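[1] sequence first, then the predicted structure, then my questions.
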Amino acid sequence: MAAISISNLTNQIPTFHNHNKQSYPFLSHLSLHNHNHNHNHNHKLSLSSNFTNTSFRTCTTSITALNSGEYSSEKPAILVSEKLGEAGLQLLRRFGHVECSYKLSPEELCARIGDFDALIVRSGTKVTRRVFEAAKGRLKVVGRAGVGIDNVDLQAATELGCLVVNAPTANTIAAAEHGIALLSAMARNVAQADASMKAGKWERNKYVGVSLVGKILGVMGFGKVGSEVARRAKGLGMNVIAHDPYAPAARAKSIGVEMVSFDEAISTADFLSLHMPLNSSTLRSFNDQTFAKMKKGVRLINVARGGVIDEDALLTALNSGIVAQAALDVFAEEPPSKDSKLAQHENVTATPHLGASTKEAQEEVAIEIAEAVVGALRGELSATAANAPMVPPEVLAELGPYVTLAEKLGRIAVQLVAGGSGIQSVKVVYASARNPDNLDTRILRAMITKGIIEPISDAHVNLVNADFTAKQRRLRITEEKVSANANSSQEQQQPVESIQVQISDVKSKFQSALLDNERIISIEGKVRAGVPHLTRVGAFSVDVSLEGNVLLCRQVDQPGTIGHVGNILGEHNVNVSFMSVGRSVKRATAIMAIGVDEEPDRATLNKIGEVPAIDEFVFLHL
């Protein structure tokens, strides 16, 4: 892997609006000293080599640090509320007291949870705010045996000082194998023919299948599972293409896969295998319009997330013959209703979310989550943490507004990257009047990483796992601290004057964001009166508050253009919060940055694009 690539996304890290509550989930590979426990154990985690040697102390609600294998009190109590592999249970039993109580009702879980230091769940147990509150501070770790953490209230966990960890890697091969199994079974009508045989029939002519050799498989989402499916499909003699806006073409090419656009993938593939994250941009992305562009008779496999498909649209496509067959392991609602027309359709092969259901995967998941929970109870900071203990108040009091700025700059930068480029190198430049040695930028670096990675993957990035997550995706982030001239004592007191984010060797959706027509996207921001502002795009100065969403337009610098765009937004009930225009030369080219409260619909954006003076524009979600 040579750059960021999409895997499954569920963006559940809490947002940080109120900087007085001190409930930010982002500790990282930092030096951690716990001064406030009764056993006099001074457990320390070493810093990454590129970080300053600053140590933080955890708040009193953080996890108690324990020396490995040495206790002066009773072993921790661990509740396992859903079936877990024996290898994982054995590991847990060597460390603490383990109780397996399956199928607890919400009331029973709340009644029991106050007796345990850790809770391990799968997808069936809902760990709500009520559960965390019922623990009354004793619950230190929740472990999710699997990838998704939709069933855990992360905000409540963070506020109440409970670490949440998951097991994101153990299911990869099992999910890929199930995708290939569904592909083959669908192509040869295995499930339907089996049902026919069991009904006492012999229907050879009815269940004539299609060959896989020489067919085009489109892999939609080239993350861990998608790339493994591609490898196996190549072994079956299929020609494999893939679409992933941020996966590098070089990595795909190394295994004989060609990266193509979304439209090219869906219009040329004979088979489509979905491995996309579920987020706002992929929700029901396979809809009536999408199916209309597909080759008639295409076959569809989904072992990712049910919500990426508009199920009513798929049913229509099946009935019309646009989609010849579908093989579905996941559904928008699970389990689907007993009278689901989609699950019952004669051309649909359906399985009950079995992607991770192999004996080997279950054991590997059990071991992975057991190791994560034991490590957390020991005071180690897990690379699979979905949240983290609280950052010291004195650090957040100073850097709180810059934390928000850093994440939003990351989100803007990644949205400016054109699909297919791949992101490998990011440079962050901090301008400050302070001595560089007195400026600790770990939180800011982590939040820039979060802003870049989370919109295009399923990772949950925080100060615990920011470096690990970036390294895992071969994303190189470098930092530079430059001197800023302080014009007043107030500026000298500010920790950061400006933050600049540069992404190198990429194409841009918005050409004006490139520095001197090079392949470097550059944006810059500042904090003013506690509010983050976008202050530079490429070589153009702007000034727009980052409190909503942003529309960037490059225009001919002539009278009437600003009013024309403003009128279009007003006519479509889109409220403008801020507007700024930056230009290089009078009556030449200008950049207009408009902050908007609502997201303009496609018709509104199309009208803006039709304004003669507008050369290019892009809408950015914040």
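    All right, it came through fine. Numbering: from 1, shown residues only.
[2] where are the low-confidence patches of the stretch 251-400 of the chain?
    381, 388-396 (pLDDT under 70).
[3] looking at the helix or strand where V165 lies now, give me its mean pLDDT.
    Assigned by DSSP states H and E, V165 belongs to strand 163-166. Averaged across strand 163-166, pLDDT comes to 90.
[4] what does stretch 595-603 give?
    pLDDT averaged over stretch 595-603 gives 89.
[5] with stretch 173-181 instead?
    Stretch 173-181 shows a mean pLDDT of 95 in the predicted model.
[6] returning to that earlier point: residues in contact with the strand holding V165?
    Strand 163-166 has contacts (CB atoms under 8 Å, 6 or more residues apart in numbering) with 63, 140-149, 152, 154, 157, 369, 372-373, 376, 382, 384-389. Glycine gets a C-beta too; all of them are placed from N, C-alpha and C.
[7] next one: stretch 290-297
    Contacts for stretch 290-297 (CB under 8 Å, 6+ apart): 263, 266-270, 272, 313-314, 316-317, 321-324.
[8] which members of the residues you listed occur in strands, if any?
    Those of these mapping onto strands are L272, V323, A324, per DSSP state E.
[9] wait, the second one sits on R299?
    Yes - contact status for V323 versus R299: in contact at 7.2 Å, counting by CB atoms under 8 Å.
[10] all strands for the stretch 501-622 of the chain, in order.
    With DSSP state E, counting those that start in this stretch as the criterion, the stretch 501-622 of the chain has strands at 520-528, 531-537, 540-545, 549-556, 576-583, 589-596, 614-620.
[11] what's the longest one packed up against?
    Contacts defined by 3 or more CB pairs under 8 Å, 6 or more residues apart in numbering; DSSP states H and E place strand 520-528 against helix 393-415, strand 498-504, strand 531-537.
[12] next, the buried residues of that strand.
    I520, I521, S522, I523, E524, G525, K526, V527 (16 or more other CB atoms under 10 Å).
[13] tabulate those residues (CSV), appending pLDDT and distance to F286.
    CSV is the format used below for those (pLDDT from 0 to 100; distance: CB to CB, whole Å):
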residue, pLDDT, distance to F286
I520, 93, 35
I521, 94, 30
S522, 95, 35
I523, 95, 32
E524, 96, 38
G525, 95, 36
K526, 95, 41
V527, 94, 41
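[14] nearest to G218 among the residues you listed?
    Closest approach to G218 among the buried residues of strand 520-528 (CB to CB): I521, at 28.3 Å.
[15] OK, contacts around that closest one?
    Under the criterion of CB under 8 Å, 6+ apart, the neighbours of I521 are A413, L416, V417, Q502, I503, V506, S508, A513, L514, L515, G538.
[16] in this structure the fifth one contacts Q415, no?
    I take that to be I503. No - the pair I503 / Q415 is not scored as a contact, 10.8 Å apart, by CB under 8 Å.
[17] in strands only, show me the contacts of strand 163-166.
    V141, V142, G143, R144.
[18] any chance of those residues in a markdown table, with distance to T441 and neighbour count too?
    Listed next are the ones in strands among the contacts of strand 163-166 as a markdown table, based on distance: CB to CB, whole Å; neighbours: other CB atoms under 10 Å:
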| residue | distance to T441 | neighbour count |
| --- | --- | --- |
| V141 | 29 | 25 |
| V142 | 30 | 31 |
| G143 | 31 | 32 |
| R144 | 31 | 28 |
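[19] can I get those residues in JSON lines including distance to V219 and pLDDT?
    Shown next, in JSON lines, are the ones in strands among the contacts of strand 163-166 (distance: CB to CB, whole Å; pLDDT from 0 to 100):
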{"residue": "V141", "distance to V219": "36", "pLDDT": "95"}
{"residue": "V142", "distance to V219": "33", "pLDDT": "96"}
{"residue": "G143", "distance to V219": "31", "pLDDT": "96"}
{"residue": "R144", "distance to V219": "27", "pLDDT": "94"}
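[20] for those residues, please prepare a markdown table with the additional fields distance to R122.
    Formatted as a markdown table, these follow (distance: CB to CB, whole Å):
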| residue | distance to R122 |
| --- | --- |
| V141 | 16 |
| V142 | 12 |
| G143 | 10 |
| R144 | 7 |
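[21] any stretches of the stretch 401-550 of the chain with poor pLDDT?
    Using pLDDT under 70, the stretch 401-550 of the chain drops low at 420-421, 462-464, 486-493, 517.
[22] ok, now with 50
    488-489, 491 (pLDDT under 50).
[23] coming back round to it: which of the contacts of I521 lies closest to H572?
    For the contacts of I521, the residue nearest H572 by CB to CB is L416; the value is 23.9 Å.
[24] returning to that earlier point: so which of the contacts of strand 163-166 belong to helices?
    With helices taken from DSSP state H, the overlap with the contacts of strand 163-166 comprises L154, A157, I369, A372, V373, A376.
[25] now, among those residues, which is nearest to D458?
    Among the ones in helices among the contacts of strand 163-166, and counting by CB to CB, the member closest to D458 is L154, at 14.0 Å.
[26] wait, that closest one sits on L160?
    No - between L154 and L160 there is no contact under CB under 8 Å: 11.0 Å.
[27] now whatever helix or strand D467 lives in, how far from the chain's geometric center?
    Assigned by DSSP H and E, D467 belongs to helix 466-472. Relative to its parent chain, helix 466-472 has a centroid offset of 13 Å by CA atoms, centre = their mean, to the nearest Å.
[28] who are the packing partners of the very next helix or strand once past it?
    Next along the chain after helix 466-472, taking DSSP H and E as the criterion, comes strand 476-483. Judged by 3+ CB pairs under 8 Å, 6+ apart, strand 476-483 is in contact with strand 425-432, helix 442-453.
[29] and A265, what is it in contact with?
    G218, M220, I241, A242, H243, L272.
[30] ok, so of these, who is nearest R473?
    Nearest to R473 among the contacts of A265, counting by CB to CB, is A242 at 16.6 Å.
[31] that's a helix at that closest one, yeah?
    No - under DSSP: H, G, I helix; E, B strand; the rest coil, A242 sits outside any helix and is assigned strand.
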